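coords please:
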Amino acid sequence: MRSDTVWQSHVLVENFLTSVRGGIPFAMEQIQIALRVLDQTGRSITQVADLGCGDGTIAQAILTHYPQSQVCAIDFSEPMLNQAKQNLSDFGDRVRFIQADLYYPNWQAELEPFDAIVSGYCIHHLPDERKRSLYREIYGLLESGGYFLNIEHVASTSSWIEALFNDVLIDSLYQWHQSHDHALSKEEVARRFVYREDKDANILASVETQCEWLREIGFQHVDCYFKFFELAVFGGMRM
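Numbering: from 1, shown residues only. Model (predicted):
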């Protein structure tokens, strides 16, 4: 049974969305890279699933970039889904919302194949064996030529690099808070937003390992298309 239930907390979700999400380094650039990869597939992107949709940031980018697209937004956190519904309300029936937990295989019940499946900062909460099973399930839900792209928090290759990333993240979040007139010291930013309690729910795997899992499943053109310390965009195509 899943022990990670922290993202069901309204307080935690609000804290993340108002104090962390906007300060993640290269957050929008990662989404733009994912869209560029999808642009090069040569297929019409009309049916998309967003796994762990959060507040709808990635879904909004998909719906805007591909005006004919429809997005199935999936998340197990009711507070996150409520925020996504609010943020994506202008898109009307182009968005379908499903509350489902990727920890269990039945998340995919009654879903039809997709042209693309995307995910952002979600799958790293799952145990590694469940990650691998989920990637197989994603493969089975893609049309031929469909693409899976994961914008993800991945493991560093050493504790030294992990500490370096944390320093970079603290600086980025501190600058973001300063730009929003939040009078917080770097020490306070580090304590509240980087070394926070919910990080215990992270189960990180290296991008190299996860790309190898995708290749073993049968994905083609597997690569890491962007990496900045523990932030990565990777994925592959079902031929």
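
doesn't P79 lie inside a strand?
No. Counting by DSSP: H, G, I helix; E, B strand; the rest coil, P79 is located in no strand; its state is helix.

quick one: residues contacting the nearest residue to I98 once chain neighbours are set aside.
With CB to CB, 6 or more residues apart in numbering as the measure, I74 is the residue that lies nearest to I98, at 4.8 Å, once sequence neighbours are left out. C-beta coordinates here come from the backbone N, C-alpha and C atoms, glycine included. Under the criterion of CB atoms under 8 Å, 6 or more residues apart in numbering, the contact partners of I74 comprise 49-53, 97-100, 102, 107.

how far away is Q86 from L126?
Here the criterion is CB to CB, to the nearest Å. By it, Q86 lies 26 Å from L126.

those two: which is more packed in?
L126 (20 against 10; other CB atoms under 10 Å).

the closest residue to C122 other than its chain neighbours: what's it in contact with?
For C122, ignoring the flanking residues on the chain, the nearest one in space by CB to CB, 6+ apart is G52 at 2.4 Å. For G52, the set of contacting residues under the criterion of CB under 8 Å, 6+ apart consists of 74-76, 102, 119-123.

what is the helix or strand harbouring A59 packed up against?
Taking DSSP states H and E as the definition, A59 sits inside helix 57-65. Judged by 3 or more CB pairs under 8 Å, 6 or more residues apart in numbering; DSSP states H and E, helix 57-65 is in contact with helix 27-39, strand 47-51, strand 70-75, helix 78-87, strand 114-120.

rerun at 10 Å
Using 3 or more CB pairs under 10 Å, 6 or more residues apart in numbering; DSSP states H and E as the contact criterion, the secondary-structure elements in contact with helix 57-65 are helix 27-39, strand 47-51, strand 70-75, helix 78-87, strand 95-99, strand 114-120, strand 142-153.

L149 pairs with what?
Residues found in beta-bridge contact with L149 (criterion: DSSP bridges) are V118, G235.

that one against G235, yeah?
Yes. With the criterion set as CB atoms under 10 Å, L149 and G235 qualify as a contacting pair; they are 4.0 Å apart.

which residues touch the residue nearest in space to the middle of the chain?
Nearest residue to the geometric centre of the chain (CA atoms, centre = their mean): G120, 0.8 Å. Residues touching G120, when contacts are defined by CB atoms under 10 Å, 6 or more residues apart in numbering, comprise 27, 30-31, 34, 50-54, 57-59, 61, 149-153, 233.

before I go, just wanted to say thanks for your time.
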